[in-house]
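Asker: give me the fold of what follows.
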Amino acid sequence: MLRLKTQFMEWVQERFDLSALQHFASEKKVPHFRGSFWYYFGGVSLFLFIVQIGTGILLLMYYQPGANTAFESVYFIISKVPFGWLIRSIHSWSANLMILSVFIHMFSVYFGKAFRKPRELTWYSGFLLLGLALAFGFSGYLLPWNTLSYFATKVGTEITAVVPVIGEPIMRLLRAGNDVSTATMTRFFGLHVAIFPAIFTLILSVHLLLIQVPGITEPESWKDHPPGKKSFIRFFPYFVLRDVLLWLIVLNVLAILAVYFPWELGAKADPFAPAPAGIKPEWYFLFMYQSLKYFPPKILSVDGEVLGVMLFGIAGLLWFLVPLWDAHCPKGLRNRLINYIGIIVVIFVIGMTILGVK
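Answerer: Next comes the predicted model:
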């Protein structure tokens, strides 16, 4: 067996010359300190994306988009296909856990100041991946064509319409018409299973490459430490083995959630029925949805909801451009300002989400 393995490795080496890759993996090191646990959430996000792809392909074998077929095909999956209910539950739970993991990873990068030179492009690509993860969730939410997903999508697309000038065209583009219909589902289906995965995979590849080139950032507290006082572990095999161990833990959590809390299908959507009371978007949009409720109808002759959506757009742009405005802050205030802003944002997002759930 050992001889066969050696022959195989020699065969691969002759054709691909992996010596440079092997040298890179053996020399690459990762900072090891009390807060290094947060480094692993990037790998957890990657693992959950792989789970999404695998379970999504299995669901795709039976799913049929269309107002008259989508709900029935999902019902067939969870009631007739062997372990179909489990695959669907894993797909739904892993989607939510992936978005949660990406949020945690983003804030850990933010508080770790890992967006600063020379890692600005890593931050930008990661922010785009977060936006695509949210787009994944929004586009996939409609596909079961149940009552909750139908009216939540209707509410979500209506919010874009309040943006001046471009809002209405964006809403019609998303809906493939003036209302949520079979055409909307077909469009969301194409985005969810083809366009978004292709773009996500491309940006993810760039993101992973950008991480490897400058390496994982060292904590700010190490700036004044001499080299001998800094602790590192080798990326391979020690960091990779710890990453895989966390993947196994996440897989167990995912299995428990899928088995004991299977994702409900609900009732089939009826476009002619009134919207159920208390309809809300998914939890990762809830903080924005809840915040808009507190805006008065008019603020200085400007519609309150319009102003709220525009403020969220500006805030998102400033968050995306944090490497630029952070670089222009006075040196003594940089870390304090970043920390204060980050803490306020975390409290705001969690607080508004909790209020929205109630």
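
Asker: all contacts plus neighbour counts: C-alpha atoms, from now on.
Answerer: OK.

Asker: what lies in contact with the one helix or strand residue 350 maps to?
Answerer: In the assignment (DSSP states H and E), residue 350 maps to helix 334-357. Contacts to helix 334-357, defined as CA atoms under 8 Å, 6 or more residues apart in numbering, come from residues 107, 110-111, 283-284, 286-291, 326.

Asker: how about low-confidence regions in the stretch 201-350 of the chain?
Answerer: 224-228, 331-333 (pLDDT under 70).

Asker: which strands or helices does the helix or strand where residue 131 lies pack on?
Answerer: Using DSSP H and E, residue 131 sits within helix 120-141. With contacts defined as 3 or more CA pairs under 8 Å, 6 or more residues apart in numbering; DSSP states H and E, the packing partners of helix 120-141 are helix 84-111, helix 147-160, helix 182-190, helix 196-212, helix 304-320.

Asker: go with 10 Å
Answerer: Applying 3 or more CA pairs under 10 Å, 6 or more residues apart in numbering; DSSP states H and E, one finds that helix 120-141 contacts helix 84-111, helix 147-160, helix 182-190, helix 196-212, helix 283-293, helix 304-320, helix 322-327.

Asker: okay if I get the contacts of helix 334-357 as a markdown table plus neighbour count and distance to residue 37?
Answerer: Below are the contacts of helix 334-357 laid out as a markdown table (neighbours: other CA atoms under 10 Å; distance: CA to CA, whole Å):
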| residue | neighbour count | distance to residue 37 |
| --- | --- | --- |
| 107 | 16 | 13 |
| 110 | 19 | 15 |
| 111 | 18 | 14 |
| 283 | 15 | 25 |
| 284 | 17 | 23 |
| 286 | 20 | 28 |
| 287 | 21 | 27 |
| 288 | 18 | 29 |
| 289 | 22 | 32 |
| 290 | 20 | 32 |
| 291 | 19 | 32 |
| 326 | 18 | 25 |
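
Asker: of those residues, which is the nearest to residue 20?
Answerer: When the contacts of helix 334-357 are ranked by distance to residue 20 (CA to CA), residue 110 comes first, at 32.0 Å.

Asker: quick one: closest of the helices and strands packed on helix 120-141 to residue 246.
Answerer: Nearest of the helices and strands packed on helix 120-141 to residue 246, taken as CA to CA: helix 84-111 at 12.4 Å.
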